[in-house]
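Engineer: Sequence first, predicted model second:
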Amino acid sequence: MLSKRLIACLDVRNGCVVKGINFEGLRDAGNPAALARRYNVEGIDEVVVLDVTATLEGRRAFAETIRAVSRELFIPLTVGGGIRTEADAAAALDAGADKVGVNSAALADPSLLSRLAARYGSQAVVVAIDAKRNGDRFDVFARSGSAATGRDAVEWAVEAEARGAGEVLLTSIDRDGTRAGFDCPLTAAVSSAVSIPVIASGGAGTFEHFAEVFTAGRADAALAASVFHFSEHAVAELKRFLRDKGVPVRC
Amino acid sequence: MIALIDYGAGNLTSVRKGFAAAGAEIFSPAGPADLAVATGLVVPGVGNFGATAALEGPWTGAIRQAVERGVPLLGICLGMQWLFDGSDEAPGVPGLGAIHGTCRRLTPDAAADVKVPHVGWNTLSAARPGRLLDGIPAGSQVYFTHSFAAPVTAEAVATCTHGSDFAAAVERGHLFGVQFHPEKSSDPGIRILRNFCSLARG
């Protein structure tokens, strides 16, 4: 049976792992390669490295960090933040990424998804969507949550799939950094509308939150940062908790 | 030395890294003639089966010759599918035809939470004893990412289930194939690459 994936996110700024609250007030949590090494041993299923300031500051995803992280891992590695062109994607993949996450650039030019999928395969293309609740729908924001796009999250996910995205990395702006739980209605709405896997992100605080997003939220994978960063036993304990709840996870 | 055949179907950085971790010496042949010195062949590949059209002609000829000399071959993901007759994904593009059968699209099933592509860690079920999966404990999980899959034939040494059963690993003589990505499958994956390297040393 296909396992639900636990994904550790390394938000990287200037070569250091940080974790923000609602994308602001960043605090230091360590060295990317050291964290990656620890996660690989602890049994995390996948790692995402995001250049959290790249979009705002117009910087390119930094190849050196990717290289250092990928040396430590024999599990899938996704790189996002600042992937704007095919050349940016090529640089990230050459440095050791298995997948690239595309957010603002895909919103500005959705054909980027098709071009990347044609060149590298859909399995290498992750559409990252930052969404914020607006009544009973969810609005998509670009540029690290700072720019409204007028797009609906479910509709954008469906279009991105049609254009060749192989996975959706779905972040709730409302929940990100709050530890108040994933936005299960958001995740379920997107997951039910597409046939590609959906990674839930934003709001992980307790083990119960993961169980919720894998059941009520219909998530295929759940991503978190600080929950994993600050405890060395979190991954194994969380997997045991989920297994006891009947959620399939990798041993 | 093991030849890693780069025919343009995806990025090979992780595959190279995986073989390095398995202790293998690998090289990227510049052309089909370079396969003459190879002690093992790896046909990787991600994406659309149509990409394997780049193997038609001289590459396929050189690969067949090496295999006839007894050189072990490992197909990974698309490279495993290529060992079969072909795929519904690109009906005009022939595979190597060393194993009979056609690769077909996995079927999504929303009610059963079966999504396509099949992405993530799934369990290997042993179909029969083989050499490639030697030392891999029953129930081991490996990393898959694919939409098309090969049928379960007599060559299957391991199967996997995602909606329906498909071939996860195949062996026919010294031809080997894995639908999953050993280079991204943590310890069991590196063990499988090491097994292939041992076979390629003879």
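Structural biologist: On my side now, so go ahead.
Engineer: Up against chain B, what does the stretch 101-250 of chain A have?
Structural biologist: A:120-124, A:166-167, A:192, A:195-197, A:218, A:220-221, A:250 (C-beta under 8 Å from any C-beta of the partner chain). (C-beta placed from N, C-alpha, C; glycine too.)
Engineer: Mark which of the residues you listed are buried, thanks.
Structural biologist: The neighbour-count test (16 or more other C-beta atoms under 10 Å in any protein chain shown) marks A:120-124, A:166-167, A:195-197, A:218, A:220-221, A:250 as buried among those.
Engineer: Among the residues of the stretch 101-250 of chain A next to chain B, which ones are in helices?
Structural biologist: Among those, the ones falling in helices (DSSP state H) are A:Y120, A:S192.
Engineer: Which residue does the stretch 1-150 of chain A have closest to chain B?
Structural biologist: Nearest residue of the stretch 1-150 of chain A to chain B, counting by C-beta to the nearest C-beta: A:G121, 3.0 Å away.
Engineer: before we move on, the earlier item: now tabulate the buried ones among the residues of the stretch 101-250 of chain A next to chain B in TSV and tack on pLDDT.
Structural biologist: Formatted as TSV, these follow (pLDDT from 0 to 100):
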residue	pLDDT
A:Y120	87
A:G121	87
A:S122	90
A:Q123	90
A:A124	92
A:G166	95
A:E167	97
A:S195	93
A:I196	95
A:P197	96
A:R218	97
A:D220	97
A:A221	98
A:R250	96
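Engineer: Identify the residue of chain B closest to chain A, quick one.
Structural biologist: Closest point on chain B to chain A, by C-beta to the nearest C-beta, is B:G47, at 3.0 Å.
Engineer: now the helices for chain A?
Structural biologist: Using DSSP H, the helices of chain A run over A:32-42, A:54-57, A:63-71, A:86-94, A:104-108, A:111-120, A:153-162, A:184-193, A:207-215, A:226-229, A:234-244.
Engineer: rank these by mean pLDDT and give me the bottom one.
Structural biologist: The minimum mean pLDDT among those belongs to helix A:54-57 (a mean of 49).
Engineer: any weak-confidence spans in chain B?
Structural biologist: Applying pLDDT under 70 to chain B flags residues B:202.
Engineer: which helix is the longest one in it?
Structural biologist: Per DSSP H, chain B has its longest helix at helix B:186-201.
Engineer: Pull out the buried positions in it.
Structural biologist: For helix B:186-201, by 16+ other C-beta under 10 Å, it's B:186, B:188-200.
Engineer: restrict these to contacts with chain A.
Structural biologist: The subset of the buried residues of helix B:186-201 within reach of chain A, by C-beta under 8 Å from any C-beta, is B:S186, B:G189, B:I190.
Engineer: quick one: which of those residues is nearest B:G177?
Structural biologist: Using C-beta to C-beta, B:G189 comes nearest to B:G177 of those, at 14.4 Å.
Engineer: Name the residues of stretch A:8-21 that are buried.
Structural biologist: A:A8, A:C9, A:L10, A:D11, A:V12, A:R13, A:V17, A:V18, A:K19, A:G20.
Engineer: Can you tell me which one of those residues sits lowest on pLDDT?
Structural biologist: The lowest pLDDT within the buried residues of stretch A:8-21 belongs to A:G20, with 46.
Engineer: give the contact list for residue 15.
Structural biologist: Going with chain A. A:G15 makes contact with A:P32, A:F62, A:E64, A:T65, according to C-beta atoms under 8 Å, 6 or more residues apart in numbering or on different chains.
Engineer: looking at chain B here, not the other one
Structural biologist: Contacts of B:V15 (C-beta under 8 Å, 6+ apart): B:L4, B:V42, B:P44, B:I76, B:E183.
Engineer: cool, and A:R151?
Structural biologist: Per C-beta under 8 Å, 6+ apart, neighbours of A:R151: A:L107, A:D139, A:V140.
Engineer: Need these in TSV (columns: neighbour count).
Structural biologist: TSV is the format used below for the contacts of A:R151 (neighbours: other C-beta atoms under 10 Å in any protein chain shown):
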residue	neighbour count
A:L107	22
A:D139	18
A:V140	22
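Engineer: closest to B:R172 among the residues you listed?
Structural biologist: Checking the contacts of A:R151 against B:R172 by C-beta to C-beta gives A:L107 as the nearest, at 47.4 Å.
Engineer: how about the longest strand seen in chain B, does it get close to chain A?
Structural biologist: Identified as the longest strand of chain B according to DSSP state E is strand B:164-172. No: if you take C-beta under 8 Å from any C-beta as the test, strand B:164-172 misses chain A, and the best it gets is 12.4 Å.
Engineer: quick check, distance from that strand to the centre of its chain.
Structural biologist: Offset of strand B:164-172 from its chain centre (C-alpha atoms, centre = their mean, to the nearest Å): 10 Å.
Engineer: CA-only coordinates of it in PDB, if you can.
Structural biologist: The C-alpha trace of strand B:164-172 is given here as PDB (Å, rounded to 0.1, in the frame of the first residue of the first chain):
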ATOM      1  CA  SER B 164      -3.900  -3.000  -9.700                       C
ATOM      2  CA  ASP B 165      -0.800  -5.100  -9.600                       C
ATOM      3  CA  PHE B 166       2.200  -4.300 -11.800                       C
ATOM      4  CA  ALA B 167       5.800  -5.500 -12.100                       C
ATOM      5  CA  ALA B 168       8.100  -3.700  -9.700                       C
ATOM      6  CA  ALA B 169      11.300  -5.600 -10.500                       C
ATOM      7  CA  VAL B 170      12.100  -8.000 -13.400                       C
ATOM      8  CA  GLU B 171      14.900 -10.400 -14.200                       C
ATOM      9  CA  ARG B 172      15.500 -12.400 -17.400                       C
END
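Engineer: Residues contacting it, please?
Structural biologist: Here strand B:164-172 makes contact (C-beta under 8 Å, 6+ apart) with B:80, B:83, B:98-99, B:106-107, B:124-125, B:130-133, B:142, B:144, B:149-153, B:155-160, B:176-180.
Engineer: Neighbouring strands - and their directions - for that strand?
Structural biologist: strand B:156-162 (antiparallel), strand B:175-178 (antiparallel) (DSSP bridges).
Engineer: correct me, but A:E42 touches A:L238?
Structural biologist: No: with contact defined as C-beta atoms under 8 Å, A:E42 does not count as touching A:L238 (10.1 Å).
Engineer: Pick out whichever of those two has more residues nearby.
Structural biologist: Between A:E42 and A:L238, A:L238 has the larger neighbour count (other C-beta atoms under 10 Å in any protein chain shown), namely 24 against 17.
Engineer: Was I right to think B:V67 contacts B:F176?
Structural biologist: No: contact status for B:V67 versus B:F176: not in contact, 11.1 Å apart, counting by C-beta under 8 Å.
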